[in-house]
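K.L.:
sequence below, structure please.
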Amino acid sequence: MTTFTSYTLDNAPAASRAKLAEVAQAWGFLPKLHGNLAESPLALTAYDTLFGLVAAQSTLTPIEQQVAYQAINVLHQCEYCTAGHTYLSRMVKMEEAAIAALRNGKPVPDARLQALRTFTEAVVRERGFVSDATVDAFIAAGFSKAQVLEVVTIAATKTISNYTNHLTKTPKESFMADPALGWVAPRNGAQAA
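P.N.:
Numbers count the residues shown, from 1 in each chain. Below you'll find the predicted structure:
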């Protein structure tokens, strides 16, 4: 069985060390996801760049960004990212009812956020082949054509992290031991928490 290393600044491949140092500086710690991505400097840089661009340039609000991220995490059944984005959702002051709805596959109480979630899930599930009516409904909910493509960018970002976590079995962060953050994917035989 192939195993992957969650690298640190000390043992990472030389070509990944500078980017890992930037990540550790920005986050205040080195996330294990980034440590796993360090196996490929390309993957590490691609993920970190996309994540940073969304945070810095998206016209979606920080809460809306987290809705899109979390919709994809749950759809992809990524336990690491669902826990991590639960934490990030709380940091941007998302309502607890919305956080719980996203994690449990229930409708988000806020109609605009639910429209974003529905559209995001459709884009990912249908691999972009969504109907004109689906795009029109997203626009009618108050979003823009640019934000249609921002959702695609968020999907690309989450595809890198979710699939990396699945393939490399990224260990959870210590803060993810908090039962309020933990989430078990339905494929593992448990209900989402």
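
K.L.:
centre-most residue in this protein?
P.N.:
Tyr69 (4.0 Å; Cα atoms, centre = their mean).

K.L.:
you'd agree that residue is up against Gly84?
P.N.:
No: with contact defined as Cβ atoms under 8 Å, Tyr69 does not reach Gly84; the gap is 9.1 Å. From N, CA and C alone the C-beta is placed, and that goes for glycine too.

K.L.:
how close does the closest residue to Asp110 other than its chain neighbours sit to Pro107?
P.N.:
Closest residue to Asp110 apart from its sequence neighbours, by Cβ to Cβ, 6 or more residues apart in numbering: Ala98 at 6.2 Å. Computed as Cβ to Cβ, to the nearest Å, the Ala98 to Pro107 distance reads 10 Å.

K.L.:
for the residue nearest to the centre of the chain, which non-adjacent residue is closest in space?
P.N.:
In space, Tyr69 is closest to His85, 5.0 Å off (Cβ to Cβ, 6+ apart).

K.L.:
could I get the buried residue list for the host helix or strand of that neighbour?
P.N.:
Applying DSSP states H and E as the criterion places His85 in helix 79-91. By neighbour count with 16 or more other Cβ atoms under 10 Å, helix 79-91 contains the buried residues Glu79, Tyr80, Cys81, Thr82, Ala83, Gly84, His85, Thr86, Leu88, Ser89.

K.L.:
contact partners for the second one?
P.N.:
Counting by Cβ atoms under 8 Å, 6 or more residues apart in numbering, Tyr80 makes contact with Lys32, Leu33, Asn165, Thr170, Lys172, Glu173, Met176.

K.L.:
that older thread, does the residue nearest to Asp110 touch Leu113 like I think?
P.N.:
Yes: if you go by Cβ under 8 Å, Ala98 and Leu113 touch, sitting 5.9 Å apart.

K.L.:
now for those two: what residues contact both?
P.N.:
Common neighbours of Ala98 and Leu113 (Cβ under 8 Å, 6+ apart) are Ile63, Val67.

K.L.:
got a pLDDT number for the nearest residue in space to Pro41 that is not next to it in sequence?
P.N.:
Closest residue to Pro41 apart from its sequence neighbours, by Cβ to Cβ, 6+ apart: Ala15 at 4.1 Å. Ala15 is assigned 97 on the pLDDT scale.

K.L.:
so for Ala98 and Pro107, which sits in the more crowded spot?
P.N.:
Legend: neighbour count by other Cβ atoms under 10 Å for Ala98 and Pro107, higher for Ala98 (22 against 13).

K.L.:
helices or strands next to the host helix or strand of that one in the packing?
P.N.:
Take DSSP H and E as the rule and Ala98 turns out to sit in helix 96-104. Applying 3 or more Cβ pairs under 8 Å, 6 or more residues apart in numbering; DSSP states H and E, one finds that helix 96-104 makes contact with helix 62-75, helix 79-91.
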